[in-house]
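Novice: Next one to model:
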Amino acid sequence: MDLDVPMIAVKLLTGLVIGASIGLTGIGGGVLVLPTLTLLFGLPPTVAVGTANLYSFLCKLSATYFHYKQKTIAFGTSGYFLMGAIPANLAVSIGLTWYAASLQEDEAAWQAFQAVSRLGAEGGAEVLGAEVIGLVPARVLTDAAAAAVRAIVKTQQAIRADISLATEVGKKLFPESDAAMIADVVERDLPYYDASISEEFVLG
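Specialist: Numbers count the residues shown, from 1 in each chain. From the prediction side, this is the model:
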C-alpha cells in the first residue's frame, strides 16, 4: 500500500497543533477538530464526530490529570453534572432508536428519513455547521433536514401545478376567512416557488 507522505505530514502537524491547544486550554475538540476533519480531510460528518470524540477524549486525559494535580477540579459539581448527563444521553439514544424503528413501519416515512444519508457522505458538514452534542448522531440531523427540504419542495411543486390545493389544505388548518385568501397569496408568491434543487434529489 502506497503511503501519502505529504498528507500524513499534514495530519501529524494538524494533530500537533490541535493537541497543544487542547492541552493548554482544555477546549478545542469540537471547535477545531470537527471542522478540520470535515472541511480539510473530507470525512463524512458521522465519522468526523466519532473521530473528534475519540481524539478529544484522549487529548483531554493529560489536561484532566494536570488539573487534578493543581486541585482545580470540582468533583462534587462534576458528579451532579454526570448524574444528569448520563441518563439524558441514554434517554436520547434510546429515543432516537425507537423513533427510527417506528419510522420503519411506514416505508415512505422511512425512505424520507434515510433520503440524505448520501448527503452526509457527500458534504454534510455544510448542513451541520456546528458540533453535534453527546450521543445524537450527525446523520439524524442531516436526514431530518433533508426530509424537510424534500417535503417542502414537493409541496411547492404540487401547489404550483394546482393552486386550489393550497386552499383545500388551508380549509383544514385555518379559519374560513383566512383560508379564502390562501390561493391569492400563493399565486402572488409563485415566482419564488422554483426551488434551486435538482429534480433527482426531490424525487429520490
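Novice: Could you report the pLDDT at Ala63?
Specialist: At Ala63, the pLDDT value in this model is 76.
Novice: what secondary structure does it sit in?
Specialist: Reduced to three states with DSSP: H, G, I helix; E, B strand; the rest coil, the structure at Ala63 is helix.
Novice: since we're on it, how many residues are nearby?
Specialist: 16 (other C-beta atoms under 10 Å). The C-beta positions use only the backbone N, C-alpha and C, and glycine is treated the same way.
Novice: Help me confirm that it comes into contact with Ala20.
Specialist: No. Between Ala63 and Ala20 there is no contact under C-beta atoms under 8 Å: 10.8 Å.
Novice: what do these two both touch?
Specialist: Residues touching both Ala63 and Ala20 by C-beta atoms under 8 Å, 6 or more residues apart in numbering: none at all.
Novice: Against which helices or strands is whichever strand or helix holds Tyr80 packed?
Specialist: Under DSSP states H and E, the secondary-structure element containing Tyr80 is helix 75-104. If you count contacts as 3 or more C-beta pairs under 8 Å, 6 or more residues apart in numbering; DSSP states H and E, helix 75-104 packs onto helix 107-114.
Novice: What average pLDDT does the helix it packs on get?
Specialist: For helix 107-114, the per-residue pLDDT averages 55.
Novice: and if you look at stretch 79-94?
Specialist: Throughout stretch 79-94, pLDDT has a mean value of 83.
Novice: Which parts of this protein belong to which domain?
Specialist: Listed by automatic domain parsing, the domain ranges of the chain are 1-73, 100-204.
Novice: Least confident of those, on average?
Specialist: The weakest mean pLDDT among the domains of the chain belongs to domain 100-204, with a mean of 56.
Novice: what are the phi and psi angles of Ala74?
Specialist: With angles defined as degrees, to the nearest 10, Ala74 sits at phi -90, psi 90.
Novice: measure it to Ala161 for me?
Specialist: Ala74 is 62 Å from Ala161, where distance means C-beta to C-beta, to the nearest Å.
Novice: Kindly tell me how buried Trp98 is, as a neighbour count.
Specialist: 10.
Novice: Next: Phe41.
Specialist: For Phe41, the neighbour count with other C-beta under 10 Å is 14.
Novice: so how far is Ile94 from the residue nearest to it when sequence neighbours are not counted?
Specialist: The shortest distance from Phe41 to any non-neighbouring residue, by C-beta to C-beta, 6 or more residues apart in numbering, is to Lys11 (7.3 Å). Distance, Lys11 to Ile94, using C-beta to C-beta: 35 Å.
Novice: quick one: which of those two has more around it?
Specialist: Between Lys11 and Ile94, counting by other C-beta under 10 Å, Lys11 is the more crowded of the two (15 against 11).
Novice: my read: that one touches Leu43, true?
Specialist: No. The criterion here is C-beta under 8 Å, and Lys11 misses it with Leu43 at 11.4 Å.
Novice: residues shared between the contacts of the two?
Specialist: With C-beta under 8 Å, 6+ apart, Lys11 and Leu43 have no common neighbours.
Novice: List the contacts of Lys69.
Specialist: Shown in contact with Lys69 (C-beta under 8 Å, 6+ apart): no residues.
Novice: now it: how far from Ala88?
Specialist: Noted for Lys69: a distance of 30 Å to Ala88, by C-beta to C-beta.
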